[in-house]
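>>> could you look at this predicted model? Sequence included:
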Amino acid sequence: MGKKEQPEHIKVGAVRVTLWRNIRKTPDGREFESRNVTIDRAYKDSHDEWQNTNSLRENDIPKAILALCKTYAQIMEKGETNGNE
């Protein structure tokens with residue numbers, strides 16, 4: 001399996017986008033980078049403890065859009081494309 005790097009987080013309000021970068025190897029030994037993005041929202045539960053969910057409220061949608069746009073801009077700024085445009 002490939003080497004995993006630490007993820008980067010972009011937060012807008014309670015919404016967080018996490019950018020995961022992974023270095024993988026093909027069967028013939030060549031390395032390539034793949035990226036995945038996850039999105040979640042933080043909230044406090046009934047015990048006043050922080051939790052995360054992938055369910056967004058309607059007022060989280062603009063925050064999610066902004067966080068995803070910032071993530072995409074960060075990827076493009078660094079010239080990090082994997083040929084899947």
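In hand now; what should we look at?

>>> regarding the protein, what is its longest strand?
Across the chain, the strand with the greatest residue count (assigned by DSSP state E) is strand 31-44.

>>> and it, what's buried?
In terms of neighbour count (16 or more other CB atoms under 10 Å), strand 31-44 has its buried residues at Ile39, Asp40, Arg41. In this view, the C-beta of every residue, glycine as well, is placed from N, C-alpha and C.

>>> got it, and stretch 62-77?
For stretch 62-77, a neighbour-count test (16+ other CB under 10 Å) marks Lys63, Ala64, Ala67, Leu68, Thr71, Ile75 as buried.

>>> average pLDDT across the longest strand of the chain?
Strand 31-44 shows a mean pLDDT of 92 in the predicted model.

>>> next one: stretch 50-67
Averaged across stretch 50-67, the pLDDT comes to 97.

>>> got the end-to-end distance for that stretch?
Start and end residues of stretch 50-67 are separated by 20 Å (CA to CA, to the nearest Å).

>>> hmm, who's touching that stretch?
10-17, 38-45 (CB atoms under 8 Å, 6 or more residues apart in numbering).

>>> ramachandran angles for the residue nearest the centre of the chain?
Note on the chain: the residue nearest the mean C-alpha position is Thr18, at 2.5 Å, using CA atoms, centre = their mean. Torsion angles at Thr18 (phi, psi; degrees, to the nearest 10) stand at phi -110, psi 130.

>>> and the strands in the protein?
Applying DSSP E to the chain gives strands spanning 3-4, 8-12, 15-25, 31-44, 50-53.

>>> what's around the closest residue to Lys44 other than its chain neighbours, how many residues?
The spatially closest residue to Lys44, leaving aside those adjacent along the chain, is Trp50, at 6.0 Å (CB to CB, 6 or more residues apart in numbering). A total of 9 residues lie near Trp50 under the criterion other CB atoms under 10 Å.

>>> sweet, I'm off.
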